[in-house]
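1. sequence? don't have it. structure:
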């Protein structure tokens, strides 16, 4: 039996897998049930735990196209499994050699230690966590096995009046958007975040929010 | 000035644009870089997308019979992969992704095709955070598969 883990909370910043969606034609996407329109050439990036619904095709005769890619993390893979109807193809591609399977378990695991994980072996095989089986990579098997999650858990808040909600405005003495702790930032990255904070205060979301924290009686 | 050979409008990716994208992504869950793919690249990609060979995908957990959710996908060519690699580079620069996002784990890009008159898809998340099924090989310390093979 494969082990099943349950993640109760969303991962920290920059540990969340993302998806890249490029509009090749004027298009739309739903985020949190709100329809957003995008122009051809726009690039949309959304978090792997962000609720969305795919593009419609209003045309009576024309299909609609866009470019898409998953950007998973070491820990959170692209959801994939052998589905009904693909069993025959999967069987023909299944890796059955036990020694090879044992080796694949370590060299295709992105969480393996540096030097053990082999990206070429990873890319040339598919792993079904439900059955714990390996398959030689095949584009049809890969595409047909992609899946998603339909959980009701919500990790993000839609913007109100076009900007993020910042609670307790009286207490906001600095831009709260790029806290180094949230990013587990290195020294170099802290410089980037400080630059972002400066940009934010100069007209992105924190314009005018330079009010210092009110002195309280207890201070 | 934009490099005439560039697949992406890097000139649009200013510190300000990155800061906004970063805030949007982490607060709202998504961000947008407007007009990042220039028309010359986009039209080439669209032509390639229209002539690609598609396979039906059933974009819903455990479901293979929901017509509403039916989409098709096809493998992208080298130019599409280059565009996506450029975008990944921008996301790294903007601290939207980090070291956990290893290049190649996504198995490349795909073109998605929605058939005519297709309606709004079922609301979903692309990755499974809630009932994430992690392979037994990552279960420590039991490692059930490894031990069963070694004993034979």
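-> Ah, there it is. These figures come from a predicted structure and were not determined experimentally. Numbering: from 1, shown residues only, chains lettered A, B, ... in the order given.
2. hmm, who's touching the helix of greatest length in chain A?
-> Among the segments of chain A that qualify as a helix by DSSP state H, the longest is helix A:187-201. Identification of contacts with helix A:187-201 by Cβ atoms under 8 Å, 6 or more residues apart in numbering or on different chains yields A:174-175, A:177-180, A:183, A:185, A:206-207, A:209-210, B:15-16, B:18-20, B:22-23, B:95. Yep, even glycine has a C-beta here, placed from its N, CA and C like the rest.
3. make it 7 Å
-> Among residues not part of helix A:187-201, those counted as contacts by Cβ atoms under 7 Å, 6 or more residues apart in numbering or on different chains are A:175, A:177-178, A:180, A:183, A:185, A:206-207, A:210, B:15-16, B:18-19, B:22-23, B:95.
4. Quick one, which of those residues are buried?
-> The neighbour count (16 or more other Cβ atoms under 10 Å in any protein chain shown) marks A:175, A:177-178, A:183, A:185, A:206, B:16, B:18-19, B:22-23, B:95 as buried among those.
5. how distant is stretch B:112-122 from the center of its chain?
-> What separates the centre of stretch B:112-122 from the centre of its chain is 18 Å, taken as Cα atoms, centre = their mean, to the nearest Å.
6. same question for it, mean pLDDT?
-> Mean pLDDT, stretch B:112-122: 80.
7. and what of stretch A:194-208?
-> Per-residue scores along stretch A:194-208 average to 82.
8. quick one: it to chain centroid distance?
-> For stretch A:194-208, the separation from the chain centroid amounts to 25 Å (computed by Cα atoms, centre = their mean).
9. what comes up buried for that stretch?
-> Across stretch A:194-208, burial judged by 16+ other Cβ under 10 Å covers A:196-197, A:199-201, A:204-206.
10. Next: stretch A:24-36.
-> With burial defined by 16+ other Cβ under 10 Å, the residues of stretch A:24-36 counted as buried are A:24-25, A:27-32.
11. Helices - which of those residues land there?
-> Among the buried residues of stretch A:24-36, no member falls in helices (DSSP H).
12. shaky segments in chain B?
-> Within chain B, the stretches with pLDDT under 70 are B:1-6, B:58-69, B:130-152.
13. swap the cut-off to 50 and go again
-> B:1-4, B:61-64, B:133-152 (pLDDT under 50).
14. Look up how far residue B:124 lies from the residue sitting nearest the centre point of it.
-> The centre of chain B sits closest to residue B:109, judged by Cα atoms, centre = their mean, with a distance of 6.6 Å. As for residue B:109, its distance to residue B:124 is 19 Å (criterion: Cβ to Cβ, to the nearest Å).
15. from what I can see residue B:26 touches residue A:14, true?
-> No. Using Cβ atoms under 7 Å, residue B:26 is not in contact with residue A:14, being 8.9 Å away.
16. can you give me the helices in chain B?
-> Under DSSP H, chain B gives helices at B:15-28, B:39-51, B:78-93, B:144-150.
17. could you dump the ones you listed to a markdown table with distance to residue A:108?
-> As requested, the helices of chain B are arranged in a markdown table below (distance: least, Cβ to Cβ, whole Å):
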| stretch | distance to residue A:108 |
| --- | --- |
| helix B:15-28 | 29 |
| helix B:39-51 | 30 |
| helix B:78-93 | 21 |
| helix B:144-150 | 13 |
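18. Can you tell me which of the ones you listed is most buried?
-> Of the helices of chain B, the one with the most neighbours on average (mean count of other Cβ atoms under 10 Å in any protein chain shown) is helix B:15-28, at a mean of 21.
19. Outside of it itself, list whatever touches it.
-> With Cβ under 7 Å, 6+ apart as the contact definition, helix B:15-28 has outside contacts at A:13, A:45, A:47, A:156, A:158-159, A:164, A:177-178, A:195-196, A:199-200, A:204-205, B:30-31, B:33, B:93-96.
20. all strands of chain A, in order?
-> Taking DSSP state E as the criterion, chain A contains strands spanning A:18-23, A:27-31, A:34-38, A:43-47, A:52-53, A:64-71, A:125-128, A:133-136.
21. still on that earlier bit, from the buried ones among the contacts of helix A:187-201, which is closest to residue A:80?
-> Among these, residue B:95 lies closest to residue A:80 (Cβ to Cβ), at 28.0 Å.
22. Tell me how far the closest one lies from chain A.
-> Per Cβ to the nearest Cβ, to the nearest Å, residue B:95 is found 6 Å from chain A.
23. hang on, the earlier thing: figure out how far the longest helix of chain A is from the centre of its chain.
-> Counting by Cα atoms, centre = their mean, helix A:187-201 comes out at 23 Å from the chain centroid.
24. same check, this time on stretch A:99-107
-> Going by Cα atoms, centre = their mean, where stretch A:99-107 is centred and where its chain is centred differ by 27 Å.
25. who touches the most centrally placed residue in chain A in this structure?
-> Among the residues of chain A, the smallest C-alpha distance to the mean C-alpha position (Cα atoms, centre = their mean) belongs to residue A:18, namely 2.2 Å. Taking Cβ under 7 Å, 6+ apart, we find residue A:18 in contact with A:45-48, A:71, B:97.
26. ok, now with 8 Å
-> Neighbour list for residue A:18: A:45-48, A:71, B:25, B:91, B:96-97, B:101 [criterion: Cβ under 8 Å, 6+ apart].
27. Likewise for residue A:62?
-> Counting by Cβ under 8 Å, 6+ apart, residue A:62 has contacts residue B:116.
28. how close does it sit to residue A:25?
-> Look at residue A:62 and residue A:25: by Cβ to Cβ, they are 9 Å apart.
29. mind listing what residue A:185 touches?
-> Taking Cβ under 8 Å, 6+ apart as the definition, contacts of residue A:185 comprise A:192-193, B:95.
30. from what I can see residue A:50 touches residue A:155, true?
-> Yes. Here residue A:50 reaches residue A:155: they are 7.3 Å apart, a contact under Cβ atoms under 8 Å.
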